[in-house]
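S.K.: 3D model of this:
(chains A and B)
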Amino acid sequence: MKVAERIYIGVAWPYANGPLHLGHIAGAYLAADIFARYHRTKGNEVLMVSGSDQHGTPITIKAEQEGTTPAEIAARYHKQFLENWQTLGISFDLFTTTGTANHAAVVQDMFLTLLKKGYIYKDTVKQAYCPQCQRFLPDRYIEGTCPYCAFVGTRGDQCDQCGKPINTIELISPACRICGDKPEFRDTEHFFLKLSAFQDRLLAWVRKQTHWRPNVLNFTLRYLEDGLKDRAITRDITWGVPIPVSGFENKRIYVWFEAVLGYLSATKEWAKTIGDEERWRTFWQGNSKSYYFIGKDNIPFHTIIWPAMLMGYEGLNLPYDVPSNEFLTIEAKKLSTSRNWAVWVPDYLSRYDPDPLRYLLSVNMPESNDTDFSWQEFFRKNNDELVATYGNLVNRVLTFTFRNFNGCVPEPGELDSASREMIGKAEATIKTTDELLYGCHFKQAIKSAMLLAQEANRYLDGKAPWKTIKQDRQDSATSLYVAIVVLSALKTALYPFLPFSSQKLHEFLGFRGTPQQGGWKLNSPQPGQKMASPSPLFTKLDEELAIEESKRLGSL
RNA sequence: GGCGGCGUAGCUCAGUGGCAGAGCAGGGGACUCAUAAGCCCUUGGUCACUAGUUCAAAUCUAGUCGCCGCCA
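M.R.: As a prediction, the model looks like this:
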């Protein structure tokens, strides 16, 4: 029938200077995982990679505050990320870091190739320098008075008080944040990426990407039409990938140029781990589609800068789609890690199961709008939708069947029109979710699956097998068989979203292996098939806890 | 300040030219297999605001206000 496709899935690289929060999950990781599980179930060849971003100024600042090294901070959070992916069921084929030798080699190869082709050039700029510390200072290492609002603790990149971005040189009475001395501005040499050279090629390419989400496409087009400026890709710092040019030993390649290359370096690392070093080519040079799952703040890096680098390098696949999500607000307010206005993933996982969160964030995914997470809504959706509609459906069908038919799938009699229609709807749902997931319409896909659960509840109510069991055992068996077929459709359709409960249901129905192995189709259980003793898929949560959870927000 | 997006029922969100929608919450009912779950009926809207285009606007255009992001 269909030829298997190759699907490369690159997911945003989380910054290893703090724990993951719900914004990360809703913005990129959950959608990527849903997409990966869906394609694997379809039988397609999937590679999903990412890793922790270990470089950059915030990590060095945090390390200095804690009296430790950037590497230690990065290692600590990297370990935590790996645990969180495991527990949440985010199924990376490889989750590495930007701290590997392999990554540095890939970055330096890109750097030298673009340099040789003339897409990278040297220039001199003025940069803050602290004579006391004898070092150049990144923007965030300088504090002074805001020239616009006179706020005193303004950093060199942006004013927290009035929100205006600042040119470090404009700060009134600037001071080094390390020693408090007055910085000077000195000349320093840096490398620049010649983005302007790609303007026309990028514009022509982007105009053809009509399958991109409208906000991604519009934003990118406008950005390009405004004209691209060359950007500095090196900094006067010591934490990062070294510049492979002599005379630049004390400088490093800046994160935004370096981190995106993780997509490629992670693929090469994956190929080595499976013992087939050249295998990376199947996802980068072969007939493979590249998807990048990121938050909206990252759009220009993935639709402009990264494609420009790939065009300059030549011979590597450009992104096929960049299904960027919007943001998640928490209880109607903007998420803020510094004010602890966030729901932290390790904290969530210490008290609750992964599937209820995956359900809420799927149904309310910020696909085209910012959407809101509130604890009240989380408890409500768990209790009144996930448990009531789906969990209870599974439980009522399985416990009744188990009790009355010796724990086996009942032998159906002839199907009447209502039963045929019910099975038709199950098949239609598999097909609909297939199309929706293929096009990255995650929210619609899970809603259409939940609709099938509602239909099944309605069907059962009409058939009332608990009544017919008394006079017409065959009729009862038939309607339960039909309901079980629907459950089997649901465990497939919901598997990408709710992998843990789908696996349980798969086993309750008497199947071996995983839902993924059944493929993206309706796998009807055989009449007489031995089922496993059922237990509830989900549990109701005490809604009073929502108040307690909300109180945690914002407390430090 | 420039650019892009968003603003729809009490709540969370669909809906991009053709009679304003879903889920939940609220009200009523019949049932009882099931996690007091499920099913049927039902209340509820100035589609942020203003002006336009059109036979017809939540939808297209211009402006205003508010929120989010990017850039300077």
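
S.K.: Which of the three states applies to residue A:129?
M.R.: strand (DSSP: H, G, I helix; E, B strand; the rest coil).

S.K.: Please list all residues in contact with it.
M.R.: Contact analysis of residue A:129 by C-beta atoms under 8 Å, 6 or more residues apart in numbering lists A:135-137, A:183-186, A:188. From N, CA and C alone the C-beta is placed, and that goes for glycine too.

S.K.: Ranking by neighbours, what's the top pick from those?
M.R.: Neighbour counts for the contacts of residue A:129, by other C-beta atoms under 10 Å, peak at residue A:183, which reaches 27 neighbours.

S.K.: Could you check how far that one is from RNA strand B?
M.R.: Distance from residue A:183 to RNA strand B, counting by C-beta to the nearest atom of the strand, to the nearest Å: 20 Å.

S.K.: same question, residue A:343
M.R.: Distance, residue A:343 to RNA strand B, by C-beta to the nearest atom of the strand: 14 Å.

S.K.: That residue contacts residue A:22, doesn't it?
M.R.: Yes - the criterion here is C-beta atoms under 8 Å, and residue A:343 meets it with residue A:22 at 4.5 Å.

S.K.: For those two, list the residues in contact with both.
M.R.: A:330, A:373.

S.K.: Now do the helices in the stretch 401-550 of chain A.
M.R.: Along the stretch 401-550 of chain A, the stretches classed as helices by DSSP state H, counting those that start in this stretch are A:417-438, A:442-463, A:465-471, A:473-493, A:499-508, A:545-552.

S.K.: which parts of the third one are buried?
M.R.: The reference is to helix A:465-471. Residues A:465, A:468-469 are the ones in helix A:465-471 that count as buried (16 or more other C-beta atoms under 10 Å).

S.K.: distance of the residue sitting furthest away from the middle of chain A from residue A:465?
M.R.: Going by C-alpha atoms, centre = their mean, the residue of chain A most distant from its centre is residue A:471, 52.8 Å out. Using C-beta to C-beta, to the nearest Å, residue A:471 is found at 11 Å from residue A:465.

S.K.: Point out the residues in the stretch 201-350 of chain A that sit beside RNA strand B.
M.R.: A:214-215, A:218-219, A:222-223, A:226, A:296-297, A:300, A:326-327, A:332, A:334 (C-beta under 7 Å from any atom of the strand).

S.K.: how about the residues you listed, which pair is most distant?
M.R.: Farthest apart among those by C-beta to C-beta are A:226 and A:332. That separation is 33.0 Å.

S.K.: does the least confident helix or strand in chain A by mean pLDDT come close to RNA strand B?
M.R.: Across the helices and strands of chain A, mean confidence by mean pLDDT, DSSP states H and E is lowest for strand A:154-155: a mean of 74. No - for strand A:154-155, no contact with RNA strand B is found by C-beta under 7 Å from any atom of the strand; the gap never falls below 13.3 Å.

S.K.: next one: stretch A:522-540
M.R.: Yes - contact of stretch A:522-540 with RNA strand B (C-beta under 7 Å from any atom of the strand) involves A:536-540.

S.K.: could you dump the residues you listed to CSV with pLDDT, neighbour count and distance to residue A:125?
M.R.: Listed next are these as CSV, based on pLDDT from 0 to 100; neighbours: other C-beta atoms under 10 Å; distance: C-beta to C-beta, whole Å:
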residue, pLDDT, neighbour count, distance to residue A:125
A:536, 95, 15, 63
A:537, 96, 23, 59
A:538, 96, 23, 57
A:539, 94, 13, 59
A:540, 93, 15, 60
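
S.K.: May I see the buried residues of stretch A:98-111?
M.R.: Buried residues in stretch A:98-111, counted by 16+ other C-beta under 10 Å: A:98-100, A:103-104, A:106-108, A:110-111.

S.K.: Send me that stretch as CSV with only the CA atoms.
M.R.: Once non-C-alpha atoms are left out, stretch A:98-111 reads as follows in CSV (Å, rounded to 0.1, in the frame of the first residue of the first chain):
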residue,chain,number,x,y,z
THR,A,98,25.9,20.5,23.2
GLY,A,99,28.8,19.7,25.4
THR,A,100,30.1,16.7,23.3
ALA,A,101,33.3,16.6,21.2
ASN,A,102,31.1,15.4,18.4
HIS,A,103,29.0,18.5,18.6
ALA,A,104,32.0,20.8,18.7
ALA,A,105,33.4,19.0,15.6
VAL,A,106,30.2,19.5,13.7
VAL,A,107,30.0,23.1,14.6
GLN,A,108,33.6,23.8,13.6
ASP,A,109,33.1,22.0,10.3
MET,A,110,30.1,24.3,9.6
PHE,A,111,32.0,27.3,10.7
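
S.K.: what sits up against that stretch?
M.R.: Outside of stretch A:98-111, the residues within contact range by C-beta under 8 Å, 6+ apart are A:13, A:51-55, A:71, A:74, A:96-97, A:120, A:191, A:233, A:241-244, A:253, A:257-259, A:261-262, A:264-266, A:268-269, A:272, A:309, A:313.

S.K.: List only those of those residues flagged as buried.
M.R.: Among those, those buried by neighbour count (16+ other C-beta under 10 Å) are A:13, A:51-55, A:74, A:96-97, A:120, A:191, A:233, A:241-243, A:253, A:257-259, A:261-262, A:264-266, A:268-269, A:309, A:313.

S.K.: now, which of these lie within strands?
M.R.: Per DSSP state E, strands hold the following members of the buried ones among the contacts of stretch A:98-111: A:51-52, A:96-97, A:120, A:191, A:241-242, A:253.

S.K.: With pLDDT and distance to residue A:482 as extra columns, can I get those residues in CSV?
M.R.: Formatted as CSV, those follow (pLDDT from 0 to 100; distance: C-beta to C-beta, whole Å):
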residue, pLDDT, distance to residue A:482
A:51, 97, 46
A:52, 96, 48
A:96, 97, 47
A:97, 97, 50
A:120, 96, 64
A:191, 95, 66
A:241, 96, 59
A:242, 96, 65
A:253, 95, 61
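
S.K.: nearest to residue A:141, of those?
M.R.: Distance to residue A:141, by C-beta to C-beta, is smallest for residue A:253 among those, at 18.7 Å.

S.K.: what sits against that closest one?
M.R.: Applying C-beta under 8 Å, 6+ apart, the residues near residue A:253 are A:107, A:111, A:233-234, A:240-243.

S.K.: ok, and what's touching stretch A:424-440?
M.R.: A:31, A:34-35, A:38, A:42, A:211, A:213, A:291, A:321, A:323, A:442, A:444-445, A:448-449, A:451-452, A:455, A:485-486, A:488-490, A:492-493, A:496, A:520-522.

S.K.: ignore the last one, stretch A:278-286
M.R.: A:6, A:8, A:45, A:47, A:264, A:267-268, A:270-271, A:288, A:290, A:315-317.

S.K.: What distance separates the opening and closing residues of it?
M.R.: 12 Å (C-alpha to C-alpha, to the nearest Å).

S.K.: Give me the phi and psi angles of residue A:186.
M.R.: Dihedral pair for residue A:186: phi -120, psi 160, per degrees, to the nearest 10.

S.K.: Helix, strand or coil: sort out residue A:377 for me.
M.R.: Residue A:377 - assigned by three-state DSSP - is helix.

S.K.: what's the neighbour count on it?
M.R.: Neighbourhood size, residue A:377 [other C-beta under 10 Å]: 16.

S.K.: Next one: it from residue A:167, what distance?
M.R.: Distance of residue A:377 to residue A:167, given as C-beta to C-beta: 42 Å.

S.K.: what do you get for residue A:518?
M.R.: 59 Å.

S.K.: picking that back up, the least confident helix or strand of chain A - contacts with which helices or strands?
M.R.: Of the remaining helices and strands, those touching strand A:154-155 by 3 or more C-beta pairs under 8 Å, 6 or more residues apart in numbering; DSSP states H and E are strand A:142-145.

S.K.: Many thanks, I have nothing further to ask.
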